[in-house]
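> predicted model follows, preceded by the sequence.
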Amino acid sequence: MDRDPHILVVDDDREIRDLLARFLRGHGMRVSTARDGREMKRDFDEARYALVVLDLMLPGEDGLALLRWVRGRGATPVVMLTAMGEETDRIVGLELGADDYLPKPFNPRELLARIRAVLRRAESAGPAMPPASGFSFAGWRLETARRRLLDPAGIEVALTGNEYELLHVMLERPGRVLTRDVLLDLVHGRATGPFDRAVDVAVSRLRRKLEDDGKAPDIIKTVRGGGYVFSVPVERIGA
Amino acid sequence: MTRLWPSTLAGRTFLVLLLGLLIAQLVGLAIHGLDRVEALRLHQSREQVDRVVQLWRAVATTPPGGRAQVLREFDFPSGMSASLDDQPRTSATPPPPFMARIAGAGPSPLMRGPPLLRPRETLTSGTDPPGGVMLALRLFDGTWLNIITRPPRPRFWHSPTFLASFGVMSLAVALLSFWAVRRLTQPVTTLAQAAERLGRDVNAPPLPEDGPTEVRKAASAFNTMAERIRKFVADRTTMLAAISHDLRTPITRMKLRAEFVEDSELRAKMLADLDEMERMVAATLAFTRDEATAETPAPLDLAALLRTVADEANDVAGAELVQVEAPAHLALPARAVALKRAVTNLIGNALAHAGACRVRLLAEPGSAKILIEDSGPGIPDSELERVFQPFHRLDPSRSRETGGMGLGLPIARNILRAHGGDVRLANRQPQGLVATVTLPA
């Protein structure tokens, strides 16, 4: 990973923009800011940003239009800042291919964690991989836009944040052995408390929800020496 | 008396109408009956007079030896008898008016005909007991023909079909008025139902403005009122949403600023305050935005949802505070995000007041029941419904500590009612509170 990833923060509130830039710089990132779409586009191609933090509500061209514009220029990951809890915006943002979203008012540390996770994911998934809008496996279906899991009968099965993130990173890397450390690294920690055990807990809960027999699991297999592998074929549903 | 007086408007109107109609019918029948009795009397007296004249002629034209035979063979109408005696039989009672003309001074039918056939002397009197007439007619040979007629009293209820027809008529009147009253009072019931619907849901459909003028006017006035209430609520909601919405930018700034505070204890406290503010804003927005109906319902595994909410609460607490007893699966149509919020609010409420709770999911025919039971202090019975009112707080000082702003339960109830279900609270024995959620399957 680049030691100093270059982040572009696009927000029309000057205070938030400056505070966020200062905060991210304090955590080892290079930060540029833009107050609207015009400023954002000015140096976009030359700057080669590692990630864009994009506010949804902007004067002039709104965040969704800018997201589409960024998507048209390559695979620069985007974290959207949406209005709080407004489901429709969030869903539209994710369907258009934002890599993550965070409702305002966000916790700066949470944003930092998300930025790092997206950067790591972008790096490990390779450059040409656009974010998928969903995955299907063994009759099940994970919809990333709505963050929901549907069983083979089409019935939604609720997941905790950890379970969802864990399933998501495993579905992006089917057939690969993922150690606890790797999983910890990929799944950004939303839960508080000791997280290394959280992986095992989340896996056992996931198995239960996927009706995967804990003693002889078919879908998520335990690898000796401490790791897991997602062992059924996974089909990506394009963005 | 109060037991006989019905409670509904329809019942009362029906009763009054029925009593009025019954009295009118009885008075009509009485008039008719009296008329009939009068007519019968007239007819009877005429017949009696005719028979008396007939008997007199038959006896007067028969030689004395055959008179007994004539009396025996005469076809007496009921209540009439006669005998031949040496003395007249009369009593002191004055004769009733209807027989007066037989013996009266006027042109009595007995005095018609040839003089030989007229009685030589006529005595009349009433009978003992009164009601009939005694008539003594003196024949030429000096004997008396004594006649007693006691015409049967005309019966008021003469016809055997009378009672049947009275019954049929009464029944027809009753049925018709029942139907009419029901029809006339129906709009009042409709209005009451509409008012109740409006109380529960401001966006309830308007009343149809049809029917009689008064009903139409009432419906129209009601619809206007509903529209005003809707507008008022919408304005307040918009205002509340706008304030909450605008608070997000300053909260975001303050959260960022807090990150630059050197004193870590102070920073943690500031962030905790800001988180609380954020929760309040989030709750207000969720309440005002009517999240309950924004999603489309889709099949969902309720058992998995409850486990997920419990797991999340336990993860945050780092302890097994929420225990779930549920079947492996229970699928029903629901709005996933909204329903999760409702269940989270209810479990969060139990955790805030009791520290731990047990969640049970029961499958019932046609519905699902969720019981969220705790062993906390419970709440007074009078508060069981009131806590579902927005911004209602049991004890302001205490809920400040638990961070509630009185929207968790109203939001949960709104969401569950939008699903066609409901949530109710009840105290448990010996202590604790149970929230019972019902959801149609």
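On my side now, so go ahead.

> any weak-confidence spans in the chain?
Here I'm looking at chain A. Along chain A, the parts satisfying pLDDT under 70 run over A:1-3, A:84-96, A:124-132, A:188-196, A:213-215, A:238-239.

> can you look at chain B instead?
Across chain B, residues meeting the criterion (pLDDT under 70) sit at B:1-2, B:95-109, B:113, B:129, B:154-160, B:200-201, B:289-294, B:394-405.

> rerun at 50
Low-confidence segments of chain B, defined by pLDDT under 50: B:103-105, B:400-402.

> how is it divided into domains?
Split into domains by automatic domain parsing, chain B comes to B:9-149, B:294-440.

> tell me the buried residues in stretch B:241-250?
Buried residues in stretch B:241-250, defined by neighbour count with 16 or more other C-beta atoms under 10 Å in any protein chain shown: B:Ser244, B:His245, B:Leu247, B:Arg248, B:Thr249. Yep, even glycine has a C-beta here, placed from its N, CA and C like the rest.

> revised request: answer the last question for stretch B:143-154.
By 16+ other C-beta under 10 Å, the buried positions in stretch B:143-154 come out as B:Thr143, B:Trp144, B:Leu145, B:Asn146, B:Ile147, B:Ile148, B:Thr149, B:Arg150, B:Pro151, B:Pro154.

> reformat the domains of chain B as JSON lines; add distance to B:Asp235.
Output for the domains of chain B, formatted as JSON lines (distance: least, C-beta to C-beta, whole Å):
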{"stretch": "domain B:9-149", "distance to B:Asp235": "36"}
{"stretch": "domain B:294-440", "distance to B:Asp235": "16"}
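
> quick one, phi psi at the residue located most distally from the centre of chain B?
In terms of distance from the mean C-alpha position of chain B, B:Asp141 ranks first, at 83.1 Å (C-alpha atoms, centre = their mean). Dihedral angles of B:Asp141 (phi, psi; degrees, to the nearest 10) stand at phi -80, psi 0.

> beta partners for the residue nearest to A:Leu111 when sequence neighbours are not counted?
Nearest non-adjacent residue to A:Leu111, counting by C-beta to C-beta, 6 or more residues apart in numbering or on different chains: A:Leu102, 5.7 Å away. Under the criterion DSSP bridges, A:Leu102 forms beta bridges with A:Leu81.

> right, and B:Ser91 touches B:Val133 too?
No: in this structure, B:Ser91 is not within contact of B:Val133 by C-beta atoms under 8 Å, at 10.1 Å.

> any common contacting residues for these two?
Common neighbours of B:Ser91 and B:Val133, using C-beta atoms under 8 Å, 6 or more residues apart in numbering or on different chains, are B:Ser125, B:Gly126, B:Thr127.

> now the second one. Nearest residue, chain neighbours left out?
Think B:Gly126. Closest to B:Gly126 by C-beta to C-beta, 6+ apart is B:Thr93, at 3.4 Å.

> quick one: contacts for the one you found?
Applying C-beta under 8 Å, 6+ apart, we find B:Thr93 in contact with B:Ser125, B:Gly126, B:Thr127, B:Asp128, B:Pro130.

> tell me the contacts of B:Val52?
For B:Val52, the contact set (C-beta under 8 Å, 6+ apart) comprises B:Ile102, B:Leu110, B:Leu135, B:Ile147, B:Thr149.

> and the next helix or strand past the helix or strand that contains it?
Using DSSP states H and E, B:Val52 sits in helix B:9-60. Elements were assigned by DSSP H and E; along the chain past helix B:9-60, the next helix or strand is helix B:67-73.

> any idea which helix or strand comes after that following helix?
Of the helices and strands lying after helix B:67-73 in sequence (DSSP H and E), the nearest is strand B:80-85.

> please save the CA atoms from stretch B:55-69 in PDB.
The C-alpha trace of stretch B:55-69 is given here as PDB (Å, rounded to 0.1, in the frame of the first residue of the first chain):
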ATOM      1  CA  LEU B  55    -143.500 -15.100  16.400                       C
ATOM      2  CA  TRP B  56    -146.400 -12.900  17.300                       C
ATOM      3  CA  ARG B  57    -148.000 -13.400  13.900                       C
ATOM      4  CA  ALA B  58    -147.500 -17.200  14.000                       C
ATOM      5  CA  VAL B  59    -149.000 -17.400  17.500                       C
ATOM      6  CA  ALA B  60    -151.800 -14.900  16.900                       C
ATOM      7  CA  THR B  61    -152.900 -16.700  13.700                       C
ATOM      8  CA  THR B  62    -152.900 -20.200  15.300                       C
ATOM      9  CA  PRO B  63    -156.000 -21.500  17.300                       C
ATOM     10  CA  PRO B  64    -155.200 -21.700  21.000                       C
ATOM     11  CA  GLY B  65    -154.700 -25.500  20.900                       C
ATOM     12  CA  GLY B  66    -151.900 -25.400  18.400                       C
ATOM     13  CA  ARG B  67    -150.000 -22.500  20.000                       C
ATOM     14  CA  ALA B  68    -147.800 -24.600  22.100                       C
ATOM     15  CA  GLN B  69    -146.800 -26.600  19.000                       C
END
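
> around the residue nearest to B:Met277 when sequence neighbours are not counted, how many other residues sit close by?
The spatially closest residue to B:Met277, leaving aside those adjacent along the chain, is B:Ile251, at 5.7 Å (C-beta to C-beta, 6+ apart). Around B:Ile251 sit 19 other residues, with neighbours defined as other C-beta atoms under 10 Å in any protein chain shown.

> report whether B:Ile251 is found in a helix, as I expect.
Yes: under DSSP: H, G, I helix; E, B strand; the rest coil, B:Ile251 sits within a helix.

> any idea how far it lies from B:Arg267?
As judged by C-beta to C-beta, to the nearest Å, B:Ile251 and B:Arg267 stand 15 Å apart.

> distance check, the closest residue to chain A within the stretch 1-150 of chain B against B:Ala180.
In the stretch 1-150 of chain B, the residue that lies nearest chain A is B:Thr8 (46.8 Å; C-beta to the nearest C-beta). Counting by C-beta to C-beta, the gap between B:Thr8 and B:Ala180 amounts to 15 Å.

> got a list of what the nearest residue to A:Ala98 once chain neighbours are set aside touches?
In this structure, A:Ala98 finds its nearest non-sequential neighbour in A:Met80, 4.3 Å apart by C-beta to C-beta, 6+ apart. By C-beta under 8 Å, 6+ apart, A:Met80 lies in contact with A:Leu54, A:Asp55, A:Leu56, A:Gly63, A:Leu67, A:Gly93, A:Ala98, A:Asp100, A:Tyr101, A:Leu102.

> what distance separates the longest helix along chain A from the centre of its chain?
Longest helix in chain A, counting residues (DSSP state H): helix A:108-125. The chain centre lies 7 Å from the centre of helix A:108-125; the measure is C-alpha atoms, centre = their mean, to the nearest Å.
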